[in-house]
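A.B. asks: Give the three-dimensional model of this entry:
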Amino acid sequence: MKLENFTDLNAWAVEQWADAELGDSRRTDRAIAVGAAMVGNPGASLPNIMSGWNEVRAGYRLFAEEDVTHSELIKPHTAATKAIAKNSSDSVVLFIQDISELDYTAARNIEGLGHIGDGKGRGIMLHNCLAVVPVPGTSEILGLAGQIPWVRGSDRQNRQIENISQELLRTESEGEIWSQMVESIGEAPQSDSMWVQQMV
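C.D. replies: Prediction:
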């Protein structure tokens, strides 16, 4: 979705999650409601963005469901981004990979985090791939073409904690995660277009 059309938060949330397969249509509806509330106030906690305690509890229940995973929540957006890239009239689309660190060092009660920064911090690594049409002065961001959260250097004790998402506990090396993203993007669908994968 283009930024200038980013005015109706509920319509945006419907585009992001209406096709999410979360095991129950009520979960999909809840994901849309929570997503719209979050994007309206991205720096706030769930209790501060929902309209009442019942809504807060419903949000926490949603995130506790086994079917509500990061991969399922991100899938509609990444699929839409790749579809836009495939149908783009521009000859070149850049797929730019980078890693962010989500720092939860201060949150001592969160279990199962890995090492970040100089090894003294605790958090989650987030491997992102942004699709961009490179036009000088007016480059257009198509969206996220992929995103992989993972834990670096998680110790043996963390791996024995049952409530950690298995999505995060990866055995691949960091290089293999970069390669996995490249494979998931694939190649340009047409001979007259070029998909360029960049790693920064």
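
A.B. asks: Could you tell me the end-to-end distance of stretch 129-142?
C.D. replies: 11 Å (C-alpha to C-alpha, to the nearest Å).

A.B. asks: I misspoke; the intended subject was stretch 103-114.
C.D. replies: Stretch 103-114 end-to-end distance (C-alpha to C-alpha) = 10 Å.

A.B. asks: Next, Val132: secondary structure please.
C.D. replies: The three-state label given to Val132 by DSSP: H, G, I helix; E, B strand; the rest coil is strand.

A.B. asks: make that Gly59, sorry
C.D. replies: helix.

A.B. asks: Show me which positions of stretch 186-200 end up buried.
C.D. replies: Neighbour-count burial for stretch 186-200, counted by 16 or more other C-beta atoms under 10 Å, picks out Ala188, Ser193, Trp195, Gln197. Every residue, glycine included, has its C-beta placed from N, CA and C.

A.B. asks: Helix or strand next in line after the helix or strand of the chain with the lowest mean pLDDT, which one?
C.D. replies: The least trusted helix or strand in the chain, going by mean pLDDT, DSSP states H and E, turns out to be helix 156-159, with a mean of 48. Moving toward the C-terminus from helix 156-159, the first helix or strand encountered (DSSP states H and E) is helix 174-185.

A.B. asks: Now do the buried residues in that following helix.
C.D. replies: Ile177, Trp178, Met181, Ile185.

A.B. asks: how near is the third one to Ile116?
C.D. replies: What it means is Met181. Distance of Met181 to Ile116, computed by C-beta to C-beta, to the nearest Å: 19 Å.

A.B. asks: just the helices in this protein please.
C.D. replies: With DSSP state H as the criterion, the chain has helices at 9-17, 25-40, 46-49, 53-64, 70-86, 156-159, 174-185.

A.B. asks: got the angle between the fifth one and helix 174-185?
C.D. replies: Using axes from the mean of the first three to the mean of the last three C-alpha atoms, to 10 degrees, the inter-axis angle of helix 70-86 relative to helix 174-185 is 50 degrees.

A.B. asks: Can you give me the end-to-end span of stretch 64-74?
C.D. replies: Span of stretch 64-74 from end to end, C-alpha to C-alpha: 17 Å.

A.B. asks: err, stretch 42-62, not the other one
C.D. replies: Note: stretch 42-62 ends 18 Å apart using C-alpha to C-alpha.

A.B. asks: what does stretch 30-50 give?
C.D. replies: End to end - C-alpha to C-alpha - stretch 30-50 spans 11 Å.

A.B. asks: Point out where the protein drops to low pLDDT.
C.D. replies: For the chain, residues meeting the criterion pLDDT under 70 lie at 1-6, 153-172, 191, 199-200.

A.B. asks: again, 50 this time
C.D. replies: 1-4, 155-157, 161 (pLDDT under 50).

A.B. asks: ok, now which ones touch Ala131?
C.D. replies: Neighbouring residues of Ala131 by C-beta atoms under 8 Å, 6 or more residues apart in numbering: 81-82, 84-85, 93-96, 141-145.

A.B. asks: any idea how far Ala31 is from it?
C.D. replies: Where Ala31 is concerned, Ala131 sits at a distance of 23 Å (C-beta to C-beta).
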